[in-house]
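Peer 1: Below is the sequence, then the predicted model.
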Amino acid sequence: MSLAIGAYLLWQVALPLSYYVPPDTGDERFAWRMFSARFLYNNTCTLSTFERAATSTRQITLEPILHVGWLVALKHGRPAVVEKFLQSRCAADPSVTEVRLERRCGAGSAAGAFSSTLNCATRAVDNRREIR
C-alpha cells in the first residue's frame, strides 16, 4: 500500500516538472514561465507568407485573412498552428505547390527567427529555426 502511495506522489511531482523540459521552449503556455517577458518580445517579430505556384511565387498578406488571435499564435511559432495554417493555404488553392511562413525578429529580440515550408503534394514540412 505504501508503495502505491509513494508512486502516486512521485507522479504528482513528476508530471508538473515535465512542463519545464518541453521539446519547444518557445511555447510558454503551460508553465510558470508563461509570465516571463519573452512573450512581449515576440511583438518585434514580423510574419511573411509566400505561396509558390507552377510559374510564380506570391506574397500573401495575413491580416485580411486571419483573426488577430491566429496571427499571435503564428507569431509565437506554435508548431501545430503553423502546420495547420500551411495546410489550409494548400487546400485553398489547388494551383499552389508550396507554402512558406517566415518569422523575422528585430535586433534585441529574445525570439528566434524561423521558417516553415510545406510541400503541398507530399505534405512534408521543413522547419528551420534560428535560436538566439
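Peer 2: In hand now; what should we look at? Quick caveat: nothing in here was measured; it's all calculated off a predicted structure.

Peer 1: wait, what's in contact with Q87?
Peer 2: Going by CB atoms under 8 Å, 6 or more residues apart in numbering, Q87 touches L118, R123. In this view, the C-beta of every residue, glycine as well, is placed from N, C-alpha and C.

Peer 1: Buried residues, the helix or strand containing it. List them.
Peer 2: Per DSSP states H and E: Q87 is located in helix 79-92. Of all the residues in helix 79-92, those buried under the rule 16 or more other CB atoms under 10 Å are V81, V82, E83, F85, L86, R89, C90.

Peer 1: Distance of G112 relative to L62?
Peer 2: 20 Å (CB to CB, to the nearest Å).

Peer 1: what stretches of this protein score poorly on pLDDT?
Peer 2: The model of the chain has pLDDT under 70 over residues 18-43, 107-111, 130-132.

Peer 1: for it, what spans make up the strands?
Peer 2: For the chain, applying DSSP state E gives strands covering 45-53, 57-60, 96-105, 113-119, 125-130.

Peer 1: roughly how far out does the top helix by length along the chain sit from the chain middle?
Peer 2: Taking DSSP state H as the criterion, the chain has its longest helix at helix 2-17. Here the centre of helix 2-17 is set off from its chain's centre by 32 Å, with CA atoms, centre = their mean, to the nearest Å.

Peer 1: about what we covered before: what is the most widely separated pair among the buried residues of helix 79-92?
Peer 2: V81 and C90 (15.3 Å; CB to CB).

Peer 1: wait, isn't F114 in contact with C105?
Peer 2: No - applying CB atoms under 8 Å as the test, F114 and C105 come out as separate, 9.4 Å apart.

Peer 1: out of everything not next to it in sequence, what's closest to G106?
Peer 2: Nearest non-adjacent residue to G106, counting by CB to CB, 6 or more residues apart in numbering: T44, 4.1 Å away.
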